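S.K.: Sequence plus predicted model, see below.
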Amino acid sequence: MTEHTLTVAGVAVDPRHWIGGERVASAGTFTDVSPIDGRALGEIARGTPAEAAAAVAAAKAAFPAWAATPRAERARILHAIADGVEKRLEELAIVETTDNGALLRSHRRGVMPRVAHNFRFFADWSLTLDHEDFETRGHTNHVSWDPAGPCVLITPWNAPLMLATWKIAPALAAGNTVVLKPAEWSPLTASLLADIAAEAGLPAGVLNVVQGYGSEIGDALTSHPDVRRISFTGSVPTARRIAASAAPHLTPLSLELGGKSPLLVFADADLDLAVDLAVEQYDNAGQVCLAATRILVEETVAEEFTRRFVAKAGALVQGDPREEATDIGPTIHPRQLDRIDGFVRRAVEAGARVVIGGHRVDERSYAPTLLTEVAQDSEIVQEEVFGPVLTLQTFADEDEAVRLADDTRFGLAATLVTGDRERADRVTGRLTAGTVWVNCFFVRDLKAPFGGSRHSGVGREGGTWSFDFYCDLKNTVTAPKGWNDHG
Ligand code: NAD
């Protein structure tokens, strides 16, 4: 504990940067506020461009030794970080809930175990990277995944530690060093992770955390000539700025962005399953990039689907995310609540009918909302709300279903509910989406490629695709001749 230490839900959190294995205070700070009750949690370092540059310098200095560390030793340290996450799981869960308002029960049972799994999975996967040598006119081709250098990782607030570690783990396992810039609305667990990594024996400078506003330090990170990779999860407008900022040095980018994913319900579907999957889209108060926010239902079953949906959604419990019984917690920030309400107001003005919700519950939460009678080209159908707001449209046949489903600028995910396997194959083949779920939702394996098409992103991470991004792939061609031993 130092004079700087904050106590959040009984857990000590250092609000300073973590640079080169040391805590570094910033001249300025910003106030971190809990979405649960609007209470100030403390003052967090408000990074400057010079501090961002110092973090990149620390990552650059630490790179040669970490890159030269054998993969198995790097993997051992990543497993030790996973051990630390598991040991402090309760603390991480309550701090994350206090900081971003997502359900404590999900953090305990799903999110934080997945954080540990991120480290274990990519540690182990790095040991399997292999491509069989092949011959070209007697010459041997050997493919290797070489560490690339310092990576800048920029993450959003909706799933802070899960999304950060999904990038940190493969970057470190690949032999790179990292500068993490967490979101300013949920900065705390990144700081705890820095402590855990240091305790696990990660050398100084291999992982650095810079706090602050993206608008103030983002450019210093993404335009830096020593940065070799940028992986970003967040919104499309920010992605455009980052891409422009990275352009002069042609720094490779991985962009995981927003979505407006469809959930298609065919008349041959198990309707109860379809309703369950549709209501699941309110998880995390709708603040999920993958959420299927556009429900498309075949005309003949639309009335029955809506009836069952309204009954099921009506049973959701909205309240304090620390309570076990709560299904929907608060929205991250009053500004976000205003944004959600603005979308709904404009949709209603444009002719949408409110089936459920359509209003704030209090100054922190928005009621689960379903809107119908929405035009395909309207804002509410085309733009990401990032709140508990779903639209319902109907279709007459498969062609119309595909046309509506595919008609946005996004392409992150799609969910189909159908009892007909041939239909599932046909429709899947016609949709533009990084992930398609058939009769399920949110089943994710770290081995799978993950990312979006069109404005939902650039590139894929997951399994070997993560290492393809975080590494410099090298092909070494060796001739059979020229050896001193003539062998
Ligand atoms: P955001 O783009 O506002 O912010 C994301 C991060 O970028 C924050 O850390 C922010 O500080 C930083 N940032 C802001 N300006 C920057 C700049 N000029 N340079 C560099 N960094 C900058 O997004 P958000 O509101 O925090 O997150 C919500 C968005 O994230 C939604 O669009 C959601 O769909 C998307 N998201 C996508 C995925 C995915 O995997 N595809 C996952 C979660 C969230």
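M.R.: Happy to help now that I have it.
S.K.: low pLDDT regions in the protein?
M.R.: For the chain, the stretches with pLDDT under 70 are 486-487.
S.K.: From the contact counts, what lies against the longest helix seen in it?
M.R.: Ranked by number of residues, the top helix in the chain under DSSP state H is helix 49-68. When contacts are defined as 3 or more Cβ pairs under 8 Å, 6 or more residues apart in numbering; DSSP states H and E, helix 49-68 sits against strand 17-19, strand 139-147, strand 150-154, strand 177-181, strand 207-209, helix 214-222. C-betas here are computed from N, CA, C, even on glycine.
S.K.: Rebuild the ones you listed as CSV, extending it with mean neighbour count and distance to the ligand.
M.R.: Compiled in CSV, the helices and strands packed on helix 49-68 are given as follows (neighbours: other Cβ atoms under 10 Å; distance: least, Cβ to the nearest ligand atom, whole Å):
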stretch, mean neighbour count, distance to the ligand
strand 17-19, 27, 14
strand 139-147, 15, 23
strand 150-154, 28, 5
strand 177-181, 28, 6
strand 207-209, 29, 12
helix 214-222, 21, 2
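S.K.: for this protein, which residue is closest to the average position?
M.R.: L163 (4.1 Å; Cα atoms, centre = their mean).
S.K.: So which of the helices and strands packed on helix 49-68 is nearest A479?
M.R.: Evaluated over these, closeness to A479 peaks at strand 139-147, with 5.3 Å, by Cβ to Cβ.
S.K.: ok so, going back, and the longest helix of the chain, what's buried?
M.R.: Neighbour-count burial for helix 49-68 flags 49, 51-60, 62-63, 66-67 (criterion: 16 or more other Cβ atoms under 10 Å).
S.K.: Which strand or helix spans the residue nearest to the centre of the chain?
M.R.: Following DSSP states H and E, one finds L163 within helix 160-173.
S.K.: quick one, helices of the stretch 201-350 of the chain?
M.R.: Using DSSP state H, counting those that start in this stretch, the helices assigned to the stretch 201-350 of the chain run over residues 214-222, 236-246, 271-279, 299-314, 334-349.
S.K.: Quick one: closest of these to F441.
M.R.: Across the helices of the stretch 201-350 of the chain, F441 has its closest neighbour in helix 271-279 (4.9 Å, Cβ to Cβ).
S.K.: Identify each buried residue in that closest one, please.
M.R.: Quick answer for helix 271-279 (16+ other Cβ under 10 Å): 271, 274-275, 277-279.
S.K.: can you check stretch 227-242 too?
M.R.: Residues 227-234, 236, 238-239, 241-242 are the ones in stretch 227-242 that count as buried (16+ other Cβ under 10 Å).
S.K.: now swap in stretch 292-303 and tell me
M.R.: Residues of stretch 292-303 classed as buried: 292-298, 301-302 (neighbour count, 16+ other Cβ under 10 Å).
S.K.: before we move on, what about stretch 359-368?
M.R.: 360-361, 364-368.
S.K.: Show me what the host helix or strand of P113 is packed against.
M.R.: Using DSSP H and E, P113 sits in helix 112-126. Other elements packing on helix 112-126 under the criterion 3+ Cβ pairs under 8 Å, 6+ apart are helix 71-87, helix 89-100, helix 160-173, helix 463-470.
S.K.: quick revisit: so which of the buried residues of stretch 227-242 are also by the ligand?
M.R.: 233-234, 238, 241-242 (Cβ under 6 Å from any ligand atom).
S.K.: of all the residues you listed, which two lie farthest apart?
M.R.: The widest separation within these (Cβ to Cβ) is 14.4 Å, between T233 and R241.
S.K.: on that earlier part again, next, the angle from the helix holding L163 to helix 89-100.
M.R.: Our comparison of helix 160-173 with helix 89-100, counting by axes from the mean of the first three to the mean of the last three Cα atoms, to 10 degrees, yields an angle of 120 degrees.
S.K.: Counting neighbours, which bits of helix 160-173 end up buried?
M.R.: 160-173.
S.K.: Quick check: G259 vs N208, distance?
M.R.: Using Cβ to Cβ, to the nearest Å, one obtains 30 Å as the distance from G259 to N208.
S.K.: re the thing from before, tell me which of the helices and strands packed on helix 112-126 sits most buried.
M.R.: Each of these was scored by mean neighbour count; the highest is helix 160-173, a mean of 27, by mean count of other Cβ atoms under 10 Å.
S.K.: Show me what that one is packed against.
M.R.: helix 71-87, helix 89-100, helix 112-126, strand 150-154, strand 177-181, helix 188-199, strand 229-233, helix 463-470.
S.K.: Output stretch 97-105 in CSV, but only the C-alpha positions, please.
M.R.: The C-alpha coordinates for stretch 97-105 follow below in CSV (Å, rounded to 0.1, in the frame of the first residue of the first chain):
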residue,chain,number,x,y,z
THR,A,97,-18.3,-5.3,-11.4
THR,A,98,-17.8,-2.1,-9.3
ASP,A,99,-15.9,-0.5,-12.2
ASN,A,100,-18.1,-1.4,-15.2
GLY,A,101,-21.4,-2.6,-13.8
ALA,A,102,-21.5,-6.0,-15.4
LEU,A,103,-22.9,-8.9,-13.4
LEU,A,104,-20.8,-10.2,-10.5
ARG,A,105,-22.0,-13.7,-11.1
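S.K.: How far away from the center of its chain is it?
M.R.: 16 Å (Cα atoms, centre = their mean, to the nearest Å).
S.K.: ok, that stretch near the ligand or not?
M.R.: No. Taking Cβ under 6 Å from any ligand atom as the criterion, stretch 97-105 and the ligand are apart, separated by no less than 10.3 Å.
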